[in-house]
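Participant: coordinates only, no sequence provided:
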């Protein structure tokens, strides 16, 4: 007989239960209590497991958050360090570029006049001669100096003489503005101009224009035997393909033309024509 099948009304209706029924009832109650205790224990154990898992998860999340914050802090520090390093590298690069520019200026630029120096001129003349031969173009050189400049320095002093050199150099730089032209202080009161692709006739015209511009500067020179102002004399030499003239030969030709200008009374321009084989120099006024 199944105890659970007995209805409460049957129990009430039956004031006296049989011993077997009572035992079954007690067993059923005990079984129900045991099951309830077992279920409660399982629920409690699962609850503790969930609480432990939750605690562990919170602990892990807390550790992960700490790690994330530490990583962010390190990234921020490293980024700031890299930015500072980049700024320092930029400053060093700028300083290096400035130093290189200053070094290049010291190597190639005349300190007094600000135009190219002798070293730069020598290299440029050799390069332009080779290019002229390669491209079959003429190359002209103007060689000039200030007339009686030693007497000027003796009369007015070297400081005034330096001012005159700067004025003449500026006039040179303003006169020859093409991209390939090079004006240089050759030494002392001597200047030189390289004119790639310019024939002798045009070069002589350019040199004459320069002489007139220096004349119009009207730099007073009462002690001069040439004029009442500072003047220049110049010699022009040109090589035309297939000439194989060397830089020294071209310089010599221009210097000879300058010497002729001096002999003819100064304050003038003369020209020298270089023969194709560069063996002879024909100087013509």
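Facilitator: Looks like it came in fine. This structure is a prediction, so every number in the text was calculated from the model and none was measured. Numbers count the residues shown, from 1 in each chain.
Participant: all helices for the stretch 51-200 of the chain, in order.
Facilitator: 118-135, 149-156, 158-175, 200-216 (DSSP state H, counting those that start in this stretch).
Participant: so what touches stretch 130-141?
Facilitator: With C-beta atoms under 8 Å, 6 or more residues apart in numbering as the contact definition, stretch 130-141 has outside contacts at 125, 128-129, 192-200, 202-203, 236-244, 250-251, 253-254. Any C-beta I mention is one placed from the backbone N, CA and C, and that applies to glycine too.
Participant: ah, wrong one, I meant stretch 142-158
Facilitator: 160-161, 164-165, 168, 186, 188-193, 195, 203, 206-207, 210, 221-227, 230-237, 251, 254-255, 257-258, 262, 266-267.
Participant: end-to-end on that stretch?
Facilitator: Taking C-alpha to C-alpha, to the nearest Å as the measure, stretch 142-158 stretches 25 Å from start to finish.
Participant: okay, and which of the contacts of stretch 130-141 map to strands?
Facilitator: Those of these mapping onto strands are 192, 193, 194, 195, 196, 236, 237, 238, 239, per DSSP state E.
Participant: okay, now the fifth one: neighbour count?
Facilitator: Put plainly, it is residue 196. Close neighbours of residue 196, defined as other C-beta atoms under 10 Å, add up to 20.
Participant: can you pull the poorly scored residue ranges out of the stretch 151-285 of the chain?
Facilitator: 273-285 (pLDDT under 70).
Participant: that older thread, report the buried members of the contacts of stretch 142-158.
Facilitator: 161, 164-165, 168, 186, 189-193, 195, 203, 206-207, 210, 221, 224, 230-237, 251, 254-255, 257-258, 262, 266-267 (16 or more other C-beta atoms under 10 Å).
Participant: got a list of what the residue nearest the centre of the chain touches?
Facilitator: By C-alpha atoms, centre = their mean, the chain has its centre lying nearest to residue 97, at 6.6 Å. Applying C-beta under 8 Å, 6+ apart to residue 97 gives no contacts.
Participant: closest one to residue 42 among the helices of the stretch 51-200 of the chain?
Facilitator: The closest of the helices of the stretch 51-200 of the chain to residue 42 is helix 118-135. By C-beta to C-beta, the value is 97.7 Å.
Participant: ok so, going back, export the helices of the stretch 51-200 of the chain as a markdown table, with columns for distance to residue 89.
Facilitator: Below are the helices of the stretch 51-200 of the chain laid out as a markdown table (distance: least, C-beta to C-beta, whole Å):
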| stretch | distance to residue 89 |
| --- | --- |
| helix 118-135 | 31 |
| helix 149-156 | 49 |
| helix 158-175 | 36 |
| helix 200-216 | 47 |
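Participant: circling back to that earlier point, okay, the ones in strands among the contacts of stretch 130-141 in CSV with distance to residue 49 next?
Facilitator: What follows is the ones in strands among the contacts of stretch 130-141, written out as CSV (distance: C-beta to C-beta, whole Å):
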residue, distance to residue 49
192, 98
193, 98
194, 95
195, 98
196, 93
236, 106
237, 105
238, 104
239, 102
